[in-house]
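Peer 1: model this:
(chains A and B)
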2 protein chains.
Amino acid sequence: MKIALDAMGGDQGPELLIKGACQALRKNKDLAVILLGPGDLLEQQVKQYTTIANIASVDNVIERLFVEHAPEIVAMDESPVEAIRKKKDSTIMRGFDLVKNGQADAVVSAGHSGATMAAAIRKLGRLKGISRPGIASLFPTQKNPVMLMDIGANVDCRAQHLFQFAIMASSCSALLQNRANPRVGLLSIGSEPGKGNALIKETHELLRQSNLNFVGNVEGRDVYSGDLEVVVCDGFVGNISLKISEGLAEAAMQMLKDEIMKSMQAKIGYLLIRKAFAAFRKRVDYAEYGGAPLLGINGIGIICHGSSSSIAICNAIGEAAKLVENKVNDSIMQSLEQYTTA
Amino acid sequence: MKIALDAMGGDQGPELLIKGACQALRKNKDLAVILLGPGDLLEQQVKQYTTIANIASVDNVIERLFVEHAPEIVAMDESPVEAIRKKKDSTIMRGFDLVKNGQADAVVSAGHSGATMAAAIRKLGRLKGISRPGIASLFPTQKNPVMLMDIGANVDCRAQHLFQFAIMASSCSALLQNRANPRVGLLSIGSEPGKGNALIKETHELLRQSNLNFVGNVEGRDVYSGDLEVVVCDGFVGNISLKISEGLAEAAMQMLKDEIMKSMQAKIGYLLIRKAFAAFRKRVDYAEYGGAPLLGINGIGIICHGSSSSIAICNAIGEAAKLVENKVNDSIMQSLEQYTTA
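Peer 2: Prediction:
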């Protein structure tokens, strides 16, 4: 199994990505990682990192770490359409080339997510029957993580698109979380079937008539309850939900810190509580949950947050391997077929 | 100044609401509060509470606390339209009757928010030129609170509606936060003008051409930054934003508590840090920010969370008084006129 990793994506440079790749290789001995980026630079960085980290001869890591020359990089502020048209030798385009040619099984990128999606569609095409590929993301909750789809690829959706998001996320969640018949909720502003906008009402009907484990409309506050495996929404609502959660978490931590810093007693208390805080942060850190799968493309791609840690990259590579191994796309196609033939 | 309070609204019964009213009356000596509900019950509850709290003779509270008999109560699961049609003697309907007849200046209710909005429109009508009244709500941030509108009254909106939300929230925020030219952001999935769905793109143009202090599109994470006074969105997105924030805050506190309870050291740390935690909770508690104004109706109404504390009720009454005193609707009308004549 070979996972292609965009070694130039993310905010923190290739070293962190190489570190994440090495962690993934040590974790899974059947894996190989292909680093995408300027060849000379990456060869040098790999040599440097594996020497410093003293892992050159450990677990055959170095024998399973390859470099594929891709001289161009898509900048974060580029238009996705322009970028994939003009930069044919970019890390992202090259990654999906490898998948197309059978030289890699999946692509992981912490770079430009819009361009990654556009490149995936351009190079691999959509899965048969899928109108709109989308991005699914796992959110931490009090119990098991919940998969929200779509988190930003499709801002203007029809009911049929949301219905397909439900099918795709349900298949993907079942594999990633080892759970048959994931509970699927439709994000709305009230749990009654009649609540929501026109799009939600129409989607509700489609889901109700399906064989999915549809629990009905759910509200914003149900997302973090942990009582659902999948929450379906359009990419506009999903992206805002994701970003508002990040913003709130950040603001709340800062406000709590401000209050603690106001008294000596609280500062001492903080020293004692620090480990619990760290455990909490680890538990809510999206990085721990790997990346966000691109679903509906004829292949496997995972996008990661630009500020991903090496653990996040390692987990995303593991996630990609899991989706390849369990043939997520076969599962989606089977599920989809039930409804198109019905 | 007389504020009518739905004394049967909320999850916790009339005593808490009476307590909130008394707090507001002690804070503002020019205020009177009219309690709405079954007359006998309320008279008895007022007597009981003012005796126990020993405030019968303090600050003339008892002389400024009135009871208006309204025998019917709208249940939380009733359809708003049905409720206002069938229950003409409900606390909510009676409240807006008082405003209509000039016997009260505003209504505050922690009861059924949809029915409150419906009753307000039925009894008072819309402000001239406003197509869709909406609900505005203040959110705590790292700096000043931000006003989000609409948080749930209008799920399917056109650009003109969102534009009017911006005008109304801008006027209201300027009064409540004593700030000229509040900064207005349009909630989208990227800060560039081209980002967002069709509705957002069209609204962006309207706002850009206006004289509002429009800072452009903002992302979910900007809501809690404190760098904006107003964020505009449709009621579907706004309601989900509000509920997802509540859900995340609750889940995060629970998860942090779980981690703290795992070690004795952290438990001791928690005892030292407790006050800082309480101060933090107070800072992020929406209750501290009063209620959510109904904007665009020809009068003043405030809805509160069903689980509001007495402080929340007190603050909502204070907020209502401030909107009455500063003539928020005149301000909205003036601002609106600029655009309809232009």
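Peer 1: what bits of chain A have low per-residue confidence?
Peer 2: Across chain A, residues meeting the criterion (pLDDT under 70) sit at A:286-288, A:340-342.
Peer 1: so what secondary structure elements neighbour the longest helix along it?
Peer 2: Taking residue count as the measure and DSSP state H as the definition, the longest helix of chain A comes out as helix A:235-260. Helix A:235-260 is packed against strand A:134-139, strand A:146-149, strand A:184-187, helix A:264-284, helix B:235-260, helix B:264-284, with contacts defined by 3 or more CB pairs under 8 Å, 6 or more residues apart in numbering or on different chains; DSSP states H and E. Every residue, glycine included, has its C-beta placed from N, CA and C.
Peer 1: distance from that helix to the middle of the chain?
Peer 2: Distance, stretch centre to chain centre, for helix A:235-260: 19 Å (CA atoms, centre = their mean, to the nearest Å).
Peer 1: show me chain A divided up by domain.
Peer 2: Per automatic domain parsing, the structural domains of chain A span A:1-130+A:296-327, A:132-288.
Peer 1: so can I have a markdown table of those domains showing mean neighbour count?
Peer 2: Rendered in a markdown table, the data for the domains of chain A read as follows (neighbours: other CB atoms under 10 Å in any protein chain shown):
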| stretch | mean neighbour count |
| --- | --- |
| domain A:1-130+A:296-327 | 21 |
| domain A:132-288 | 21 |
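Peer 1: of all those, which one is nearest residue B:163?
Peer 2: Set against residue B:163 and scored by CB to CB, the domains of chain A come closest in domain A:132-288, at 18.2 Å.
Peer 1: can I get the domains of chain A in JSON lines with distance to residue B:10?
Peer 2: Shown next, in JSON lines, are those (distance: least, CB to CB, whole Å):
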{"stretch": "domain A:1-130+A:296-327", "distance to residue B:10": "41"}
{"stretch": "domain A:132-288", "distance to residue B:10": "18"}
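Peer 1: closest to residue B:78 out of those?
Peer 2: domain A:132-288 (11.9 Å).
Peer 1: related to what we said a few turns ago, right, and the helices and strands packed on helix A:235-260 - which one's nearest residue A:104?
Peer 2: Ranking the helices and strands packed on helix A:235-260 by proximity to residue A:104 (CB to CB) places strand A:134-139 first, at 20.1 Å.
Peer 1: can you give the strand pairings for that closest one, parallel or anti for each?
Peer 2: Each strand that strand A:134-139 pairs with, and the sense of that pairing, follows from DSSP bridges: strand A:146-149 (antiparallel), strand A:292-295 (antiparallel).
Peer 1: and stretch A:262-275 with chain B, contact?
Peer 2: Yes - judged by CB under 8 Å from any CB of the partner chain, stretch A:262-275 and chain B are in contact via A:262-263, A:265-266, A:268-275.
Peer 1: sorry, back to before: how about the helices and strands packed on helix A:235-260 in CSV, adding distance to residue A:97?
Peer 2: Listed next are those as CSV, based on distance: least, CB to CB, whole Å:
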stretch, distance to residue A:97
strand A:134-139, 21
strand A:146-149, 26
strand A:184-187, 35
helix A:264-284, 36
helix B:235-260, 38
helix B:264-284, 48
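Peer 1: wait, which of these is closest to residue B:142?
Peer 2: From the helices and strands packed on helix A:235-260, taking CB to CB, the stretch that ends up closest is helix B:264-284, at 9.5 Å.
Peer 1: quick one: distance of that closest one to the chain centre.
Peer 2: What separates the centre of helix B:264-284 from the centre of its chain is 29 Å, taken as CA atoms, centre = their mean.
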